[in-house]
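J.: What follows is a predicted structure for the sequence shown.
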Amino acid sequence: MKVRIKVGEKEVTATLNDSEAARDFASLLPLTLTLEDHAETEKISNLPKRLSTKGDPAGSNPDVGDIAYYAPWGNLAIYYKDFGYSSGLVILGKMDGDMEAFNKPGSLKVTIELVK
């Protein structure tokens, strides 16, 4: 599944994996979210509902460009820097291109939609 993420005037695409959590996330789209900076590593935002993590691993080690769901907090995370293993983190997909639009201080308003 392809998604488009609009960040201001920029648009980036990402590919979601075929996990139950990723399919559950896709069912919420389109979404407009305000992403807040967390630990100078990722941009995060609460989702309107918790995602199913049935069948997903107990945790993950995210890379730059990963889109993930942090089950303990129920939030979406987009990684613009490397981070270590986190229990409860489920990778939903990966950005297809440049992460420049996300590697900025402060909050970002984004719109995420399925690419048809």
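T.: Looks like it arrived, so ask away.
J.: For the most centrally placed residue in the chain, give me phi and psi.
T.: In the chain, the centroid-proximal residue (Cα atoms, centre = their mean) is Ile67; its distance is 3.1 Å. Backbone torsions for Ile67, taken as degrees, to the nearest 10, come to phi -110, psi 130.
J.: what bridges to it?
T.: Listed beta-bridge partners, Ile67: Ile78, Gly93 (assigned using DSSP bridges).
J.: who touches it in this structure?
T.: Ala14, Leu16, Leu76, Ala77, Ile78, Tyr79, Ile91, Leu92, Gly93, Lys94, Met95 (Cβ atoms under 8 Å, 6 or more residues apart in numbering). Heads up, the C-betas are built off the backbone N, CA and C, glycines and all.
J.: In terms of helices and strands, where is the residue nearest to Asp63 when sequence neighbours are not counted?
T.: What sits nearest to Asp63 in space, not counting adjacent residues and going by Cβ to Cβ, 6 or more residues apart in numbering, is Asp82, at 6.2 Å. Using DSSP states H and E, Asp82 is not contained in any helix or strand.
J.: tell me which element Ala22 is part of?
T.: Using DSSP H and E, Ala22 falls in helix 20-26.
J.: any residues touching that helix, and which ones?
T.: 1, 3, 16, 47, 51-56, 69, 76, 90, 92-93, 114.
J.: just to revisit the earlier point, what's the closest of the contacts of Ile67 to Leu31?
T.: Nearest to Leu31 out of these is Leu76 (Cβ to Cβ; 8.6 Å).
J.: Let me know the distance separating Glu11 from Met95.
T.: Computed as Cβ to Cβ, to the nearest Å, the Glu11 to Met95 distance reads 12 Å.
J.: anything in contact with each of these two?
T.: Common neighbours of Glu11 and Met95 (Cβ under 8 Å, 6+ apart) are Ile5.
J.: and the contacts of Ile67, which two are the farthest apart?
T.: Leu16 and Tyr79 (14.9 Å).
J.: neighbour-wise, which of these two wins?
T.: Shown here are Leu16 and Tyr79; by other Cβ atoms under 10 Å, Tyr79 has more neighbours (24 against 20).
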